[in-house]
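Asker: Whatever this is, show me its structure:
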Amino acid sequence: MRQESPKWPYAFCGGDNPYICPVPLQATLSKKICFAQDRNGQHVAIKRLDVLADTDESRINRFLYEHKDEAAEICILPVIDILEYAEYCFAVMPRWGDHPMYSGVDSIGEALPYIHCLLKDIKTDNTPVNHFGAHHHSRNNGKRRRLRSSGRLTYALFDFDLALIIPTSSSTQRRLPAWRSFEIVTIESPYDTSQGELDYDPFIFEMGCLGIMLCQEFQHCTPSVPFLAPFLDRLITDKLDERLTSSKALSFFEKMYMELTPVQLAAPFPPFPEVYIPWQPDKYDRWHELSETFVAKWGHFRAPLPSVYTKFLRRICLTLWGKRCVWVIRPSMRLTVQIGNQILCI
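Answerer: Residues are numbered from 1 along each chain as shown. Sure thing, here's the model as predicted:
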C-alpha cells in the first residue's frame, strides 16, 4: 500500500473523481516520455534523450544523476537512473504532476511558494508538482487542493531539451548569436533581440522570460501583494543592466516575502482575469491600484516605456529587409564605439 507521505523525490498520487475519470492516473500521450512503476511500486517517468551523443542535454541529465541529492536543494527534479539501450539513452525520473496552479489556489500564501521555486526552466510546463492524477482532470482534483492548503505541495524544475552549458567566466564568452533567442516558441520572449541585435546574454534573456511568465500568472495580484509590481518590472525591463539576476531576484523576493503579515498571506487569491492581460509596461500598468506612498518608495524600479527610436527599430525589424539593414549597420556602429572608447583611454 502506498505511503500517505511519500519519501522524496516521489509524489503523492490519486484523488481523481471516479465518476468523471474512469481511468485512474491517466496520462497524456508523448513522443519522448512514458510512465511506469519500478520494482518497489514507485511511479516513474522515463524520458528518451538524444541518441548516445555528447549533447548538452545528455551531459546535464548525467550531471543531475550524479548529483541527485543536491538537486533537491535547488528545486530540480532529480534523475534517479540513466538507462542505455543500443544507440539510445533514457533518463528515469520520479513521476510528478503537471499544471501546478490547477485545483485551486485559495490564498496568497499558497501561490507565492510557486514563484520562489521558479527563481531557483521558465515555462509552467517545466514546473511539475509533487502530486499527479489523471492528466485531463487535474483541474478538479480535491487531493491536490488539500495538499496545497496543508503546505505539503512542492514544485521543481525539469526538462532541459533546449538547455545549454555556457561558460560564466566573462560576459563576452557567454553571449550567443541572436537567432538562438527565437528557438523558444512556446512562450513569449523579451525584446532583447527585437531591435536587430547581433547577439545577446542568455542569462539576462532567461530572466526576462521568467518575468513574462510570472506577469502572466501573477501581475493581477499586485493590489494584494504590492511588492510584485517592482519585482516584476525589474524582471522585464528593457534596461538590461538593471534587470534582476537570478540571485538578486531570489534575494529580493525572499526579503519582501518575509515582510508579509499573516493577514496578507491569508488574503484570498484574486481570480484570474477573464481576458488576456499583456505583460508589456506600455500596455498594462501594474502600479495603477497601489498607494502613492508605495509608488514614491519603489517608483525607481518601474520599467520604462519604450522610446520612439526603440519602437521604430522593432517595427522595421519585423521585416526581413529591415532586419538585414540593421544587421549591416550594427557591426560598424559597434566598431565605431570601440574605437571611440580606445581614443578616450589614450
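Asker: What is the neighbour count of Thr237?
Answerer: Neighbourhood size, Thr237 [other C-beta atoms under 10 Å]: 20. C-beta: built from backbone N, CA, C; applies to glycine.
Asker: how near is the closest residue in space to it that isn't next to it in sequence to Gly15?
Answerer: Counting by C-beta to C-beta, 6 or more residues apart in numbering, the nearest residue to Thr237 once its immediate chain neighbours are dropped is Ala303, at 4.3 Å. Distance from Ala303 to Gly15, counting by C-beta to C-beta, to the nearest Å: 40 Å.
Asker: which residues sit in contact with Thr245?
Answerer: Contacts here follow C-beta atoms under 8 Å, 6 or more residues apart in numbering; on that basis Thr245 touches Phe203, Ile204, Met207.
Asker: Single out whichever of the residues you listed has the smallest pLDDT.
Answerer: pLDDT is lowest at Phe203 among those; the value there is 87.
Asker: distance of that one from Asp192?
Answerer: 11 Å.
Asker: Which one's more surrounded, these two?
Answerer: Asp192 (20 against 15).
Asker: In a helix, that one, correct?
Answerer: No - counting by DSSP: H, G, I helix; E, B strand; the rest coil, Asp192 falls outside a helix, being coil.
Asker: Look up how far Phe205 lies from it.
Answerer: Applying C-beta to C-beta to Asp192 and Phe205 gives a distance of 5 Å.
Asker: Could you do His220 as well?
Answerer: 25 Å.
Asker: Give me the more crowded residue out of these two.
Answerer: Between His220 and Phe205, Phe205 has the larger neighbour count (other C-beta under 10 Å), namely 21 against 18.
Asker: If I look at that one, what pLDDT would I see?
Answerer: As predicted, Phe205 sits at a pLDDT of 91.
Asker: Ala303 and Gly15: who's more crowded?
Answerer: Remark: of Ala303 and Gly15, Ala303 carries more neighbours, 24 against 21, as counted by other C-beta under 10 Å.
Asker: before we move on, what SS does that one have?
Answerer: coil.
Asker: can you give me the helices in the protein?
Answerer: 56-66, 68-71, 108-118, 142-149, 202-218, 228-236, 246-258, 262-265, 292-298, 308-316, 320-345 (DSSP state H).
Asker: Would you reformat these as a markdown table and include distance to Phe182?
Answerer: Converted to a markdown table, these look like this (distance: least, C-beta to C-beta, whole Å):
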| stretch | distance to Phe182 |
| --- | --- |
| helix 56-66 | 18 |
| helix 68-71 | 30 |
| helix 108-118 | 22 |
| helix 142-149 | 35 |
| helix 202-218 | 11 |
| helix 228-236 | 18 |
| helix 246-258 | 22 |
| helix 262-265 | 39 |
| helix 292-298 | 33 |
| helix 308-316 | 14 |
| helix 320-345 | 11 |
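Asker: Pick the most deeply packed of the ones you listed.
Answerer: Stretch with highest mean neighbour count among those: helix 228-236 (a mean of 24; mean count of other C-beta atoms under 10 Å).
Asker: Work out the gap between that helix and the centre of the chain.
Answerer: From the chain centre to the centre of helix 228-236 is a distance of 14 Å (C-alpha atoms, centre = their mean, to the nearest Å).
Asker: List of residues touching it?
Answerer: 190, 207-208, 210-212, 214-215, 218-219, 221-222, 242-244, 249, 252-253, 256, 279-281, 286-287, 290, 298, 301-303.
Asker: rerun at 7 Å
Answerer: 190, 207-208, 210-212, 214-215, 218-219, 221-222, 242-244, 249, 252-253, 279, 281, 286-287, 290, 298, 301-303 (C-beta atoms under 7 Å, 6 or more residues apart in numbering).
Asker: Likewise for stretch 274-288?
Answerer: By C-beta under 7 Å, 6+ apart, stretch 274-288 touches 212, 215-216, 219-220, 222, 229, 232-233, 236, 295, 302-303, 305-306.
Asker: And Pro226, what's its pLDDT?
Answerer: So Pro226 comes in at 94 (pLDDT).
Asker: list the contacts for it?
Answerer: Taking C-beta under 7 Å, 6+ apart, one finds Leu290, Phe294 in contact with Pro226.
Asker: let's see it at 10 Å
Answerer: By C-beta atoms under 10 Å, 6 or more residues apart in numbering, Pro226 lies in contact with Met256, Gln264, Arg286, Trp287, Glu289, Leu290, Ser291, Phe294, Val295, Lys297, Trp298.
Asker: so what's in contact with Asp192 and Phe205 at the same time?
Answerer: In contact with both Asp192 and Phe205: Ser181, Leu240, Arg243, using C-beta under 10 Å, 6+ apart.
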